[in-house]
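**Q** The following block contains a protein sequence and its predicted model.
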Amino acid sequence: MSRIGRMPIAIPAGVTVDIAENNKVTVKGPKGTLERVLPAEMEIKLEGAEVIVSRPNDLKRMKSLHGLTRTLINNMVVGVTDGYEKVLEVNGVGYKAQKNGKKLVLSLGYSHPVEMTDPEGLESVVQDNKITVKGIDKEKVGQYAAEIRAKREPEPYKGKGIKYADEVIRRKVGKTGKK
């Protein structure tokens, strides 16, 4: 039995969960509304202040979808109550990030500044050399943060580039001269 899939999802005060046909789940909370169509095979029931996900049988596919479905609903509930954020750091001489309206302007050692527009429902905040991406959809926050990081990934010799705040870059020793 899926240990994660079995756990009920507690719904905090101020959050409403609607389950329509074809397992279309809508979660409304203080920070906004999220909706998602989940696998139709899973049974999603609202019991009091809890959402319970159950599976019809023990096929491998059903087992894998069980935990996934429960986690996706839980991420939606957490998103509309607390929201998600990812922090990135810009390291390197002359590397910097600026906010220009809804545009994020990155100077990353290229011949031109890299401009990125914040996607719908997300906002990025620049403070010193840190970029914070905030939003209610965990998937979108992670995707946008990954796209920013991909503009100049950290390199192992000097550690220059954009890295996640909690990421550790394994450093390498440069080459030495001949004797």
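**A** Okay, I see it. Numbering: from 1, shown residues only.
**Q** Run through this structure and note the low-pLDDT ranges.
**A** For the chain, the stretches with pLDDT under 70 are 1-2, 179.
**Q** Longest strand in it, please.
**A** Secondary structure of the chain per DSSP state E: the longest strand is strand 84-91.
**Q** quick one: the strands in the chain?
**A** Going by DSSP E, the chain shows strands at 9-10, 16-20, 24-29, 32-37, 43-47, 50-54, 84-91, 96-100, 103-107, 114-117, 122-127, 130-135, 161-164.
**Q** nearest to Ala145, of those?
**A** strand 84-91 (3.9 Å; CB to CB). To be clear about C-beta, it is placed using only N, CA and C from the backbone, and glycine gets the same treatment.
**Q** got a markdown table for the strands of the chain, with distance to Gly142 too?
**A** Shown next, in a markdown table, are the strands of the chain (distance: least, CB to CB, whole Å):
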| stretch | distance to Gly142 |
| --- | --- |
| strand 9-10 | 20 |
| strand 16-20 | 23 |
| strand 24-29 | 18 |
| strand 32-37 | 15 |
| strand 43-47 | 24 |
| strand 50-54 | 22 |
| strand 84-91 | 7 |
| strand 96-100 | 18 |
| strand 103-107 | 16 |
| strand 114-117 | 15 |
| strand 122-127 | 11 |
| strand 130-135 | 9 |
| strand 161-164 | 10 |
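**Q** Output those strands in CSV, with distance to Glu153 and mean neighbour count appended to each entry.
**A** Putting the strands of the chain into CSV (distance: least, CB to CB, whole Å; neighbours: other CB atoms under 10 Å) gives the following:
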stretch, distance to Glu153, mean neighbour count
strand 9-10, 35, 16
strand 16-20, 38, 14
strand 24-29, 34, 19
strand 32-37, 30, 14
strand 43-47, 39, 13
strand 50-54, 37, 19
strand 84-91, 11, 18
strand 96-100, 15, 15
strand 103-107, 13, 18
strand 114-117, 13, 13
strand 122-127, 18, 17
strand 130-135, 14, 20
strand 161-164, 5, 19
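**Q** ok, now which ones touch the nearest residue to Asp18 once chain neighbours are set aside?
**A** Spatial nearest neighbour of Asp18, chain neighbours left out: Thr26 (4.4 Å); criterion: CB to CB, 6 or more residues apart in numbering. Counting by CB atoms under 8 Å, 6 or more residues apart in numbering, Thr26 touches 17-18, 20, 33-35.
**Q** Verify the stated contact: Tyr144 with Pro119.
**A** Yes. In this structure Tyr144 lies within contact range of Pro119 using CB atoms under 8 Å: 5.8 Å.
**Q** more crowded one of the two?
**A** Higher neighbour count among Tyr144 and Pro119: Tyr144, with 22 against 17, using other CB atoms under 10 Å.
**Q** any idea how far the more buried one lies from Gly177?
**A** For Tyr144, the distance to Gly177 equals 43 Å [CB to CB, to the nearest Å].
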